[in-house]
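*Asks:* got a predicted structure here, sequence first:
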Amino acid sequence: MLKLGVNIDHVATLRQARFRNREETSRSEPDPVAAALACERAGCHGITAHLREDRRHIVDSDVVRLRRSIGTRLNLEMANTPAMVDFALAVRPDIVCLVPERREEVTTEGGLAVAANLSAITETRKRLGDAGIDVSLFIAPDAREIDAAARSGAGFVELHTGAYAEAYHQKAPRQNELERLIAGASQAHGVGLKVNAGHGLTLENLALIHLVPHLVELNIGHSIVSQAIFTGIETAVRDFLGAMATYKSS
């Protein structure tokens, strides 16, 4: 069964548009923790939250409350910095997904440069692993980065599907990106990595992702929150679960 992790960042984005300076975020609306609990009621398998260094949407107290409140798997996305690693070790999410981060980007624009930073990433993986926290690396479906991810000792990779999503309405580029994802998932599985995927996935472009083998989980946020404006978040989650139900892993 292909699992669904719901990224609730954009619920927090909407809250911060009005309540950015309020210290007690649990009394501000919409509450991302309440959204996470609604997603769980709808049947999702995990909750994802990206704690950015500039705290533009999710803030520290959100992660603490999520850890205390949800019953599924908490996936904390974060940059590989000492402060973030210390925070993760204090909160103890089920899994940390290391992602690249630039202050000026609107959303995560590319994959982590694992090969170029293998020593630092391996050290973080060891620290988190020693604390019982699984580690995933958010990477492009690139052979060199997948090989480096395996050498880091990470248990998971999350393949960046953003280029596929951007190319979806152009047949040749879409096919090229889809083939990259298929090859990347096959390589990652072959070297012992568990394979997740995410970024830019929608109900429209999800069907072709079924051609990518060995997927364990999709992490989807923006499209679910967008759909929720019209249908409610529980219905949006169920719609995505329905669209994923026929996936066969290989």
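*Replies:* Right, received. Where do you want to start? Numbers count the residues shown, from 1 in each chain.

*Asks:* alpha carbons only for contacts and neighbour counts from here, please
*Replies:* Fine.

*Asks:* give the next helix or strand downstream of the longest helix along the chain.
*Replies:* Longest helix of the chain, by residue count under DSSP state H: helix 171-190. Downstream of helix 171-190, the first helix or strand assigned by DSSP states H and E is strand 194-198.

*Asks:* next SSE after the host helix or strand of residue 121?
*Replies:* Applying DSSP H and E as the criterion places residue 121 in helix 118-130. The helix or strand immediately downstream of helix 118-130 is strand 134-139, counting by DSSP H and E.

*Asks:* report all helices and strands that that following strand contacts.
*Replies:* In this structure, strand 134-139 makes packing contacts with strand 95-98, helix 118-130, helix 143-152, strand 156-160, judged by 3 or more Cα pairs under 8 Å, 6 or more residues apart in numbering; DSSP states H and E.

*Asks:* make TSV out of the ones you listed and add distance to residue 18, mean pLDDT and mean neighbour count.
*Replies:* Converted to TSV, the helices and strands packed on strand 134-139 look like this (distance: least, Cα to Cα, whole Å; pLDDT from 0 to 100; neighbours: other Cα atoms under 10 Å):
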stretch	distance to residue 18	mean pLDDT	mean neighbour count
strand 95-98	28	98	25
helix 118-130	35	98	17
helix 143-152	39	98	20
strand 156-160	31	98	26
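
*Asks:* ok, the most centrally placed residue in the chain to residue 17 distance?
*Replies:* In the chain, the residue lying closest to the centroid (Cα atoms, centre = their mean) is residue 219, at 4.6 Å. Here the criterion is Cα to Cα, to the nearest Å. By it, residue 219 lies 24 Å from residue 17.

*Asks:* just checking, what packs against the helix-or-strand element of the chain with minimal mean pLDDT?
*Replies:* Across the helices and strands of the chain, mean confidence by mean pLDDT, DSSP states H and E is lowest for helix 9-19: a mean of 93. If you count contacts as 3+ Cα pairs under 8 Å, 6+ apart, helix 9-19 packs onto helix 32-41, strand 46-50, helix 222-231.

*Asks:* tell me which of those is the most buried.
*Replies:* Mean neighbour count, computed with mean count of other Cα atoms under 10 Å, is highest for strand 46-50 among the helices and strands packed on helix 9-19, reaching a mean of 26.

*Asks:* I'd like to know which elements it is packed against.
*Replies:* strand 3-7, helix 9-19, strand 73-78.

*Asks:* let me know which of these is the nearest to residue 237.
*Replies:* Among these, strand 3-7 comes nearest to residue 237, with 8.0 Å by Cα to Cα.

*Asks:* re earlier: helices or strands next to the longest helix of the chain in the packing?
*Replies:* Applying 3+ Cα pairs under 8 Å, 6+ apart, one finds that helix 171-190 contacts helix 143-152, strand 156-160, helix 162-166, strand 194-198.
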